[in-house]
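Student: 3D, please:
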Amino acid sequence: MTTKPTAIEAYMTHHAAALALLARITDAIANHDDAPADGLNWGHVGDIAETRTTLQELSDRLFSEGEYAEVACLRCPATFATGAELDAHYRAAH
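Tutor: Got it, this is the predicted structure:
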């Protein structure tokens, strides 16, 4: 009989996999072998720009920036930079 992993076990599995992906992505960007210096073209530019955009979206989500930067109160016009600030506002004001 197999047992379901605990939340911490599942989290650590995903955490380790995310770190492995990050290392692989970092290596690929640092050693972008498919974009030779003497043969760069606009296709290479588009590829790296798309990669940057995808990474920026992930960074914005992780650090509550960009489209994720502002959290609005649904009961008043107040806005907050993080969900934690919004939670504190609800406890204090509503």
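
Student: how far away is N31 from P5?
Tutor: From N31 across to P5, the span is 35 Å (C-beta to C-beta, to the nearest Å). Glycine gets a C-beta too; all of them are placed from N, C-alpha and C.

Student: these two: which has the busier surroundings?
Tutor: The residue with more neighbours, out of N31 and P5, is P5; 11 against 8, by other C-beta atoms under 10 Å.

Student: quick check: the more buried one touching Y11?
Tutor: No. Counting by C-beta atoms under 8 Å, Y11 is not a contact partner of P5; they are 9.2 Å apart.

Student: longest helix in this structure, please.
Tutor: helix 7-30 (DSSP state H).

Student: C-alpha coordinates for that helix, CSV please?
Tutor: The C-alpha coordinates for helix 7-30 follow below in CSV (Å, rounded to 0.1, in the frame of the first residue of the first chain):
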residue,chain,number,x,y,z
ALA,A,7,2.5,18.5,2.6
ILE,A,8,6.1,19.1,3.7
GLU,A,9,7.3,16.1,1.6
ALA,A,10,5.4,17.2,-1.4
TYR,A,11,6.6,20.8,-1.0
MET,A,12,10.2,19.7,-0.7
THR,A,13,9.9,17.5,-3.8
HIS,A,14,8.5,20.5,-5.8
HIS,A,15,11.1,22.8,-4.2
ALA,A,16,14.0,20.6,-5.3
ALA,A,17,12.6,20.3,-8.8
ALA,A,18,12.2,24.1,-9.1
LEU,A,19,15.8,24.6,-8.0
ALA,A,20,16.9,22.0,-10.6
LEU,A,21,14.9,23.8,-13.3
LEU,A,22,16.4,27.1,-12.2
ALA,A,23,19.9,25.8,-12.5
ARG,A,24,19.2,24.3,-15.9
ILE,A,25,17.6,27.5,-17.2
THR,A,26,20.5,29.6,-15.8
ASP,A,27,23.0,27.4,-17.5
ALA,A,28,21.1,27.5,-20.8
ILE,A,29,20.9,31.3,-20.8
ALA,A,30,24.6,31.7,-19.7
